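Colleague: Sharing a model prediction with you, sequence too.
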Amino acid sequence: MEQTIYPVAEAVKILGEKSSALRYWEEQFGLDIRRNPKGNRCYSTEDIQIFLCIQELKKKGYQLKEIKEVIPLLMQAAAPEEDKDRQLRFYEVLDRLMQELKRQRRQEDRYKRVDEAIRQHQIARKQVAVTEEQKRQKGKKKKKTSRKALR
């Protein structure tokens, strides 16, 4: 079975993206895009499907670093003869995975904030301890000088 190959200009029309965006995504996601004998990029149907998935995830508000983590799944799912049901299940699983990833990131951010709050609290306690120690040292010096004055 022969595969359809799209030159850059045609892929840009299909996707509604600039060629620079496609190159950026290729670089960011480590996509292996074929080149013709002249060295120009040529996109397969699977490549176009992956770009469409990336677009959809971006529209849903996912960050590039989140999308990057699911690209291997997208590449596995980009088989040319996928049926609609399988594709729908894939997107459901993908959505659940992305939700879980977001939840884990929020939890990680919470842990970082708690860690920072603890760190700030420790710094404040050290500063209080230093200040109290300085006051105590001054109090000792005053007692010594007042004892000397009494003699």
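Modeller: Done, it's in.
Colleague: Pick out the residue nearest the middle of this protein.
Modeller: Geometric centre of the chain, nearest residue: Lys65, 3.3 Å, by C-alpha atoms, centre = their mean.
Colleague: Looks to me like it is in a helix.
Modeller: Yes: counting by DSSP: H, G, I helix; E, B strand; the rest coil, Lys65 is located in a helix.
Colleague: ok, it to Gln134 distance?
Modeller: According to C-beta to C-beta, to the nearest Å, Lys65 and Gln134 sit 47 Å apart. From N, CA and C alone the C-beta is placed, and that goes for glycine too.
Colleague: try Asp115
Modeller: 29 Å.
Colleague: This structure: helices as residue ranges?
Modeller: 8-15, 19-29, 45-59, 64-77, 84-150 (DSSP state H).
Colleague: I'd like to know which of those lies nearest to Lys38.
Modeller: helix 8-15 (11.7 Å; C-beta to C-beta).
Colleague: What helices and strands are in contact with that closest one?
Modeller: helix 19-29, strand 41-44, helix 45-59 (3 or more C-beta pairs under 8 Å, 6 or more residues apart in numbering; DSSP states H and E).
Colleague: 10 Å - rerun?
Modeller: strand 5-7, helix 19-29, strand 41-44, helix 45-59 (3 or more C-beta pairs under 10 Å, 6 or more residues apart in numbering; DSSP states H and E).
Colleague: Tell me which of the ones you listed sits nearest to Arg105.
Modeller: helix 45-59 (15.0 Å).
Colleague: which secondary structure elements does the closest one contact?
Modeller: strand 5-7, helix 8-15, helix 19-29, strand 41-44, helix 64-77, helix 84-150.
Colleague: go with 6 Å
Modeller: For helix 45-59, the packing partners by 3 or more C-beta pairs under 6 Å, 6 or more residues apart in numbering; DSSP states H and E come out as helix 64-77.
Colleague: report the angle between the axes of the helix or strand bottoming out on mean pLDDT in the chain and helix 84-150?
Modeller: Lowest on mean pLDDT, DSSP states H and E among the helices and strands of the chain sits helix 64-77, with a mean of 77. Orientation of helix 64-77 against helix 84-150 (axes from the mean of the first three to the mean of the last three C-alpha atoms, to 10 degrees) gives an angle of 150 degrees.
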